[in-house]
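Undergrad: After the sequence you'll find the predicted model.
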Amino acid sequence: MLSLLDLCARIDAGRLTPEGAVGLVREAIASREPEVGALVCVDPAPAIPAAGPLAGIAVGIKDIIDTADLPTRMGSAIYDGWRPRADAPVVARLKTLGAVPLAKTTTTPFAFLDPTATRNPHNPGHTPGGSSAGSAAAVAAGMLPLALGTQTGGSIIRPAAFCGVVGVKPSFRLLPTVGVKCYSWALDTLGLFAGSVADAACALALLADRPAIARTGDAGTPRIGILRQDFCAAPEPEAEAALARAARAVEGAGATVRDLALPAPFGEAYAAHGTIQDYEARQALAWEYAAHRDALPPRLRAALDAAQAIETPAYDAARRTAHHARRGLKDVFSENGFDVLLTYAAPGPAPAGLDQTGDSRFNRLWTLMGVPCVTLPVDRTSAGLPVGVQVIARFGDDGRALAAAGLIERALRA
């Protein structure tokens, strides 16, 4: 994979120009894109700033995020040819930092469950996950050092795990979702993919203008709760093995590791996620549903059909359940003395076939809680498919989540 920090270091040392760095990306795209199919379009002549902390860093932008220089198609023929007049704030921030928003990456239609044509770079017969399929696959294939994605259920953490890259779903509202096609305003979270924890931390720190986030080498000896999410169906053996391996490695690096079971209200909150998501989606996509229902893909059309029956009192009750669980999560951390939680990133390796995107059951609660989540690769199956784990911290403690993930990453390599 392309390393953001390595490219920046070579540019700073004068061994590579920003134009040369973008040229390396173009060569990688020409080599891998025909096999992977992660990109919607590539800017043939982008502006390449000569200065800035991310000068020369080409970035993939999930195709539900507005870009003034490239179309934004939402993964749907309904928006063929749509060209926003303005960049989303996160894209404008990238340009201010000197980065080059070079390509739009594939998304499932409107970031729901109907799959893209993107293939897993490690095995083209397996899904790359969704909905941020193109962003995860492009980084995994070495085509881009950085790509943006979004998560409403598990659309950053799951594809990152399936594709073997680092994915970060930051704290809710850390990055602005203005200019991002909405699915659920209470859940949609903007995040990113990179080749290493340090790369991801550097990018998030710059995007959020919070330098402390990048200090991933300062993890200390964290107290880690091992969480198996008993309110979900059990994972596959590969996911359990990856969690155990990560726990052993980080314990060997000096961390304190203990098992944790969440109280019943968290299972109730997990069950409430779908009510909140679907009730808001029917409003966020009201125009598309009213004017272009027959053009919507089958899974999304069926979900919006069903969502019409959700009554407002049920939605309000689900929001209250989520609120109580968020308050209770603070107690889980403080009363148990945990700095971070460690759990599954996905039920197992990427499933075979391209007709689905996998299951987000180990991600939905944490999106609903609004807390920072980081996934990193741990193992490979005999078929070469990656398996990852997920690190979770308190709301607003994104730097700690990344620091703990960095410690696990280093411990696994030791």
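TA: That came through fine.
Undergrad: Wait, a helix at Ala205?
TA: Yes: assigned with DSSP: H, G, I helix; E, B strand; the rest coil, Ala205 falls within a helix.
Undergrad: tally of neighbours for it?
TA: Neighbourhood size, Ala205 [other CB atoms under 10 Å]: 20. Just so you know, the C-beta spots here come from the backbone N, C-alpha and C atoms, and that holds for glycine as well.
Undergrad: close enough to count as contact, it and Ala212?
TA: Yes: counting by CB atoms under 8 Å, Ala205 touches Ala212, with 7.3 Å between them.
Undergrad: what sits in contact with each of the two?
TA: Both Ala205 and Ala212 lack any common contacting residue under the criterion CB atoms under 8 Å, 6 or more residues apart in numbering.
Undergrad: Now for Ala325: which residues touch it?
TA: Each residue near Ala325 by CB under 8 Å, 6+ apart is listed here: Pro265, Phe266, Glu268, Ala269, Leu365, Leu368, Met369.
Undergrad: neighbour-wise, which of these leads?
TA: With neighbours taken as other CB under 10 Å, the top of these is Leu368, carrying 28 neighbours.
Undergrad: Of all the residues in stretch 224-241, which ones are buried?
TA: Applying a neighbour-count criterion of 16 or more other CB atoms under 10 Å, the buried positions in stretch 224-241 are 224-229, 231-232, 235-236, 238-239, 241.
Undergrad: Distance from the chain centre to that stretch, please.
TA: Centroid separation for stretch 224-241 versus its chain: 19 Å, with CA atoms, centre = their mean, to the nearest Å.
Undergrad: for the record, mean pLDDT for that stretch?
TA: Average pLDDT, stretch 224-241: 97.
Undergrad: what does that stretch contact?
TA: For stretch 224-241, contacts defined as CB under 8 Å, 6+ apart pick out 243, 247, 250, 255-262, 266-267, 270-271, 332, 336, 338-349, 361-362, 365, 379, 381, 387, 392, 404.
Undergrad: Drop the exposed ones from those residues and show what's left.
TA: For the contacts of stretch 224-241, buried by 16+ other CB under 10 Å: 243, 247, 250, 255, 257, 260, 262, 266-267, 270, 332, 338-349, 361-362, 365, 379, 381, 387, 392, 404.
Undergrad: where exactly do the strands run in this structure?
TA: For the chain, the strands defined by DSSP state E cover 39-42, 58-62, 100-105, 146-151, 166-169, 189-194, 223-227, 256-260, 340-344, 373-380, 386-393.
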